[in-house]
Structures are given as structure tokens and as C-alpha cells.
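In: Structure for the following, please:
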Amino acid sequence: MAPKDVLQQSLFAANLSALAYPGTLLTSNSDVENTYTSPDSFQQYATALAAATASFSSHAPTFVQRLSQSFLHPETSARFLYAFVLPTNDAIYVAFRGTDLTGYFDINAGASTGEDANSLQTPFSYGGAAAGNVHSGFLLSLTDVNVDSYNNDSFPNSISAYTELVAAIKAAQAAVGPSVPIILTGHSLGAAQASLAGFMLSRDGFSNLRLATFGCPQIGDAEWAAAFNATLGSSTMAWWNMADPVVQVPNIDEDPGCGNFGSHTDGSCVQNWFTVATRYRIDTVNSNMRCGKPSGSFAVCDSRSDSKFPANTLSCYTDVDLKTAFLSTDHYISHYIANLQACVTAAGGN
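Out: From the prediction side, this is the model:
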């Protein structure tokens with residue numbers, strides 16, 4: 001079992017990840033939907049978030065929001081929450097919203113799943129030397145300047161989410177000081193964005209970075225995983241439920257970047273996906289709760305005789321279809337929170 005303080009810190013971060021979904025705080029689907037189209041409704045969420053965090057922060061959260069065009073009505077657009085930045089006296093928390101299939105579905109879900117599905121790998125070279133290849137959709141969601149910022153009064157159009165995020169973090173540092181740790185957290189898509197953003201922040205000179213992620217999908221290849229582990233591996237808690245299929249995609253059978261759904265590629269597009277080595281297990285096997293770093297090999301890998309890369313023991317190639325991944329309750333942030341709470345209780349905490 002992981003130490004009690006690690007479990008408690010992870011539970012705290014998981015609850016913040018849940019708060020990055022507006023539906024966690026709002027009482028009806030219509031309220032959630034209106035946050036994407038009505039400033040007044042978004043203010044309702046912002047007020048609820050400030051109240052939910054008031055017990056440990058006297059500061060109001062800062063929001064990174066993006067504009068996305070409607071798929072069904074191209075003449076319209078609406079905002080969606082990308083992340084919030086919350087300074088406290090002890091840390092600056094950055095919570096990324098994960099894939100959101102609720103609320104203003106045509107816009108928000110379209111933006112989320114578009115980021116998830118654009119899995120063709122692209123070289124990562126931000127801020128320095130090359131560091132392998134990463135998932136295009138996850139990276140572009142941070143760096144693409146063609147997605148307008150909602151905060152047009154503070155930032156012009158054509159500014160990346162990452163640039164806006166850096167400005168929010170610097171403002172938080174001005175409020176509470178530059179020495180407190182920056183803790184990035186997220187679930188699902190948000191976990192991948194938190195991981196990439198943490199690595200980019202490290203290359204931009206930010207220090208004292210920590211990560212707590214939940215249900216993170218595959219982000220990049222072996223070279224990327226090695227670079228991430230060398231930089232942030234010792235300060236990352238990446239929680240993985242073994243029954244959660246999202247942590248196993250993309251893979252050799254389900255890789256939208258290769259135009260591949262449910263069957264092996266013909267070899268013309270085979271992408272190598274590696275997990276990071278800083279994973280913590282949070283699940284129940286044979287009625288036994290697992291609450292920490294596993295013993296031995298932990299990565300899900302494909303040992304079939306027809307595997308394209310049978311020797312890659314950290315590679316993730318399993319038969320998991322995307323529909324199952326999106327709809328599995330084992331992937332829900334509420335499931336991670338419930339398991340972490342059980343682990344904290346078992347460790348003698350509360």
C-alpha cells in the first residue's frame with residue numbers, strides 16, 4: 001500500500017479533477033449545458049467552485065476557457081472549460097477538464113472527442129531537444145493557436161491554451177509566491193494534458209512541479225516516456241485502475257491516428273505507445289484492494305504471438321474498443337475517488 005500521505009494527497013487531487021467537470025457542481029443537465037452558452041450560467045459554476053474550495057483557499061480560481069465551433073451549426077460557437085488554476089498558501093493547483101460527454105454535446109463533446117481521436121503521433125520538441133513522439137490531439141489541444149481564447153478582453157484571439165495557462169500560473173505565483181509547488185492534476189483527457197503541460201512547464205523553467213493523474217490514456221512512444229520519466233517521473237503519481245480501458249488506448253487495435261478501429265493495421269501505420277513508469281494501482285482484484293505501486297511489471301502489454309512489438313514490455317497493445325473505453329464506469333473519476341477514499345481509510349486516514 002502507498003504511504004498514507006501519498007493516498008491523501010492523491011484523493012485531494014482527484015476531488016479537484018472532479019471539480020473541473022462543471023457537472024460535478026451543478027444540479028441539472030440544463031445548468032451544465034448553459035455553462036457553455038451563457039456567461040451567467042458559467043458564473044454559477046464559478047461561484048460554486050469558489051465555495052467548494054473556500055475551506056482551503058482564500059483565492060478565487062482563474063479559468064482557462066476555449067471557444068469551439070459547433071459541428072451541427074458552424075455559424076455558432078460556445079466556450080468550454082479547459083482548466084482552472086487555484087492558488088493556495090501551500091500550492092498552486094492546476095486542474096484540467098477531461099473528456100466531457102455531458103452538457104452542450106455538439107460543441108463540448110465534439111471538442112473533447114476530437115482531441116482524443118487525433119492520435120497520429122507527432123514529434124515533441126517544445127522548448128529544447130527532441131523528446132520522441134506524442135499524441136497529436138493532446139499536444140495540439142495545448143499548443144494550437146487556431147482555437148480562440150474565450151477571455152478575449154485579457155487575451156487576443158489566436159493564443160494557445162498553454163500560453164494562457166502559463167499567464168494564469170504566473171498570476172497565481174504573484175499572489176502566493178514563486179516557491180510553492182505547482183500541482184497539476186486531471187482525469188482522462190485532462191490527465192494527458194496535465195502530463196504534457198507539466199513537461200512543457202519544466203522546459204520553460206518552472207520548478208517544484210508535481211503531478212497527480214487518474215485514468216490517463218497513452219501519450220507517446222518509448223523516447224517520450226523516457227524523457228518524461230527523467231524529468232518528472234519521481235514527482236508523478238499516475239493512478240491506474242486495471243479495469244479502466246481508457247488507460248489502454250490508443251493501442252494497436254484502436255488507434256484513430258492510423259485509421260484503425262477493431263483490427264490490426266496492415267503495417268503501414270503502426271505506432272508504438274509506451275506507458276510512463278510512475279504508475280500507482282487503484283483497483284480491486286479477487287476482493288483485494290490494491291492501493292499503490294505494484295510489484296513487478298505493471299504495464300498492460302500484448303504478449304500475443306502475432307503482436308507487432310512482442311518485446312516491448314512497457315507497450316500497451318490490447319483489444320479495447322473506444323466505445324467500451326468511453327462508457328466504462330471503471331473509468332469514471334467518481335470510481336477513482338471512491339477507491340482512493342477506501343485506501344485512505346484502510347491506511348488509517350480520513
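
In: who does the longest strand seen in the chain touch, helix- and strand-wise?
Out: For the chain, the longest strand by residue count, based on DSSP state E, is strand 77-87. Identification of packing neighbours for strand 77-87 by 3 or more Cβ pairs under 8 Å, 6 or more residues apart in numbering; DSSP states H and E yields helix 39-53, strand 62-69, strand 92-96, helix 161-176. Every C-beta, even on glycine, is put in place using the N, C-alpha and C of the backbone.

In: quick one: that strand to strand 92-96, angle?
Out: Between strand 77-87 and strand 92-96, the angle comes out at 150 degrees (axes from the mean of the first three to the mean of the last three Cα atoms, to 10 degrees).

In: Now strand 77-87 - C-alpha only, CSV.
Out: Taking C-alpha atoms only, strand 77-87 is exported to CSV below (Å, rounded to 0.1, in the frame of the first residue of the first chain):
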residue,chain,number,x,y,z
SER,A,77,-19.7,28.6,-31.1
ALA,A,78,-19.5,28.2,-27.4
ARG,A,79,-16.9,28.1,-24.7
PHE,A,80,-15.8,25.1,-22.8
LEU,A,81,-13.7,24.9,-19.6
TYR,A,82,-10.2,23.8,-20.3
ALA,A,83,-8.6,24.1,-16.9
PHE,A,84,-8.7,26.1,-13.7
VAL,A,85,-5.8,27.4,-11.7
LEU,A,86,-6.3,27.7,-7.9
PRO,A,87,-3.6,29.3,-5.7
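
In: on that earlier part again, highest mean neighbour count out of the helices and strands packed on strand 77-87?
Out: Highest mean neighbour count among the helices and strands packed on strand 77-87 (mean count of other Cβ atoms under 10 Å): strand 92-96, with a mean of 29.

In: ranges for the strands of the stretch 201-350 of the chain?
Out: Using DSSP state E, counting those that start in this stretch, the strands found in the stretch 201-350 of the chain span residues 209-214, 236-240, 254-255, 260-261, 279-285, 288-292.

In: before we move on, the earlier item: need the helices and strands packed on strand 77-87 in a markdown table with distance to residue 3, can you?
Out: Shown next, in a markdown table, are the helices and strands packed on strand 77-87 (distance: least, Cβ to Cβ, whole Å):
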| stretch | distance to residue 3 |
| --- | --- |
| helix 39-53 | 25 |
| strand 62-69 | 32 |
| strand 92-96 | 21 |
| helix 161-176 | 26 |
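
In: looking at the ones you listed, which is closest to residue 182?
Out: strand 92-96 (4.9 Å; Cβ to Cβ).

In: what is the rounded mean pLDDT of the closest one?
Out: The predicted model assigns strand 92-96 a mean pLDDT of 98.

In: partners of it in the sheet?
Out: strand 77-87 (antiparallel), strand 182-187 (parallel) (DSSP bridges).

In: Mind telling me which of these the model trusts least?
Out: strand 77-87 (a mean of 81).
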